[in-house]
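Participant: got a predicted structure plus its sequence, pasted below:
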Amino acid sequence: MRVGITGYQGLSDLTEMLVRGELWRLVTTYGPYELVGVTALRPGPETWFAQAVREHGGKLEVIVPAGGARPQGELAREATAVHRLAPVAAGGLGDDLGRAMVGMIDELIAVWDGAEDGGEPARISALTRKAGLWVHEIWPAGCERPA
């Protein structure tokens with residue numbers, strides 16, 4: 001099962017604790033040998049998800065936007081694949097992580113409060129649903145939206 005992640009960045013410590021618990025609960029519903037986590041490895045939910053996937057025994061794949069640098073660190077080194085998006089000028093998706101991810105996953109985890117003005121998590125969730133794929137929304141009671 002190929003599972004992608006999107007979510008708010010800059011979350012509070014309390015929200016991090018609540019979200020990490022839900023991510024772990026969800027990640028462990030998949031068999032470790034069938035799970036492939038797809039992420040850009042940005043700080044916050046994307047990294048927390050990657051850590052949970054690795055701790056559970058799954059594999060990681062990293063998406064790098066055309067204008068971005070390859071993530072560094074242990075999680076990035078452990079990735080089984082790195083997908084660098086081609087620039088728009090070359091016919092690629094450029095920095096559109098959402099469209100790239102939707103083409104690579106079976107399901108999406110969205111760490112966001114469900115608001116239509118939810119930025120990238122709202123946009124990627126809508127793209128995923130439009131493609132007919134399942135979106136797991138994670139926003140436990142007590143979570144705080146970033147300032």
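Facilitator: Nice, I can see it. Numbers count the residues shown, from 1 in each chain.
Participant: please count neighbours and contacts with C-alpha atoms only from this point.
Facilitator: Fine.
Participant: ok, the spatially closest residue to Gly142 that is not a sequence neighbour - contacts?
Facilitator: In space, and not counting its chain neighbours, Gly142 is closest to Thr15: 7.2 Å by Cα to Cα, 6 or more residues apart in numbering. Going by Cα atoms under 8 Å, 6 or more residues apart in numbering, Thr15 touches Gly142, Cys143, Glu144.
Participant: now which of these would you call buried?
Facilitator: Among those, those classed as buried by 16 or more other Cα atoms under 10 Å are Cys143, Glu144.
Participant: show me the strands in the protein, by range?
Facilitator: Along the chain, the stretches classed as strands by DSSP state E are 2-7, 36-39, 59-64, 81-84, 107-111, 134-138.
Participant: buried set for the top helix by length along the chain?
Facilitator: Secondary structure of the chain per DSSP state H: the longest helix is helix 13-27. For helix 13-27, the neighbour count (16+ other Cα under 10 Å) marks Thr15, Glu16, Leu18, Val19, Arg20, Glu22, Leu23, Trp24, Leu26, Val27 as buried.
Participant: what about His136, how many neighbours?
Facilitator: 14 (other Cα atoms under 10 Å).
Participant: could you list everything it pairs with in the sheet?
Facilitator: Listed by DSSP bridges, the beta-bridge partners for His136 are Ile109.
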